[in-house]
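Novice: what follows is a protein structure lacking sequence information:
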């Protein structure tokens, strides 16, 4: 009888151990599954993050490529303007501008006529050239532009921080192809001033209204 009792006890203990082991195994498996799910979610998060980073890098690269192309276009355009300027240097009354002067004039055009028609941009250059030709003004482009009280972008200081658009360079190039006589025939070499268009077409003493292009009034110097 006693042997049976201990036999039952042994069987019970074995079953208990097996049950504990089974429960431990199941719990361990569930823990592993939870860990695996967390790892899967982490992998998904990391993959999404890297995909977003890659997408952003691709966008940045595309923008850099566009910027590089624009810089190359501007460089080529500046070289073409310089070449055209030198090609015409032997003709009478054709202005010679350095690269720095071309850049300065393009900035002035951007500031004064950035949103205006192309002809207005050219006329801004013509006004500057006419002043360079006239004895009442300075005879260098830089001196004309930086003369105190003449151009608002200079007075307010933003001319030196402005970036010209491509059409501003084209306007400079177009203006540089005009000789003194051509300017006189097309617009008049006395075209010296401009301002935002107003109903009252007066602009101080010794000036006369010439015409309006876009939203800009142009005036002649009367001597």
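Specialist: Yes, it's here. Given the structure is predicted, the values throughout are model-derived calculations rather than measurements.

Novice: is residue 212 part of a helix or strand, or is it coil?
Specialist: strand (DSSP: H, G, I helix; E, B strand; the rest coil).

Novice: what about it, how many neighbours?
Specialist: Applying other CB atoms under 10 Å, we find 14 residues neighbouring residue 212. C-beta here means a position set from N, CA and C on the backbone, and glycine is covered the same way.

Novice: what's the answer for residue 169, then?
Specialist: Residues within reach of residue 169, counting by other CB under 10 Å, total 23.

Novice: shouldn't it be in contact with residue 105?
Specialist: No - using CB atoms under 8 Å, residue 169 and residue 105 do not qualify as a contacting pair, with a distance of 9.3 Å.

Novice: which element is the residue nearest the centre of the chain on?
Specialist: Closest to where the C-alpha atoms of the chain average out (CA atoms, centre = their mean) is residue 163, at 7.5 Å. When elements are assigned from DSSP states H and E, residue 163 belongs to no helix and no strand.

Novice: confidence score at the nearest residue in space to it that is not next to it in sequence?
Specialist: Once flanking residues are discounted, residue 163 sits nearest to residue 110: 7.3 Å by CB to CB, 6 or more residues apart in numbering. Among the per-residue scores, residue 110 holds a pLDDT of 95.

Novice: go ahead and confirm residue 110 touches residue 166.
Specialist: No - Residue 110 lies out of contact with residue 166 (CB under 8 Å); the separation is 10.5 Å.

Novice: okay, these two: which has more neighbours?
Specialist: Comparing residue 110 with residue 166 by other CB under 10 Å, the one with more neighbours is residue 110, at 22 against 12.

Novice: doesn't the more buried one fall inside a helix?
Specialist: Yes - judged by three-state DSSP, residue 110 forms part of a helix.

Novice: in contact with it, which residues?
Specialist: For residue 110, the contact set (CB atoms under 8 Å, 6 or more residues apart in numbering) comprises 162, 163, 164, 165, 168.

Novice: the last one: helix or strand, and which one exactly?
Specialist: Think residue 168. Using DSSP H and E, residue 168 falls in helix 166-176.

Novice: show me what that helix is packed up against.
Specialist: helix 2-87, helix 99-113, helix 118-133 (3 or more CB pairs under 8 Å, 6 or more residues apart in numbering; DSSP states H and E).

Novice: ok and it relative to helix 99-113, angle-wise?
Specialist: Orientation note: helix 166-176 sits at an angle of 110 degrees relative to helix 99-113 (axes from the mean of the first three to the mean of the last three CA atoms, to 10 degrees).

Novice: appreciated, that's everything.
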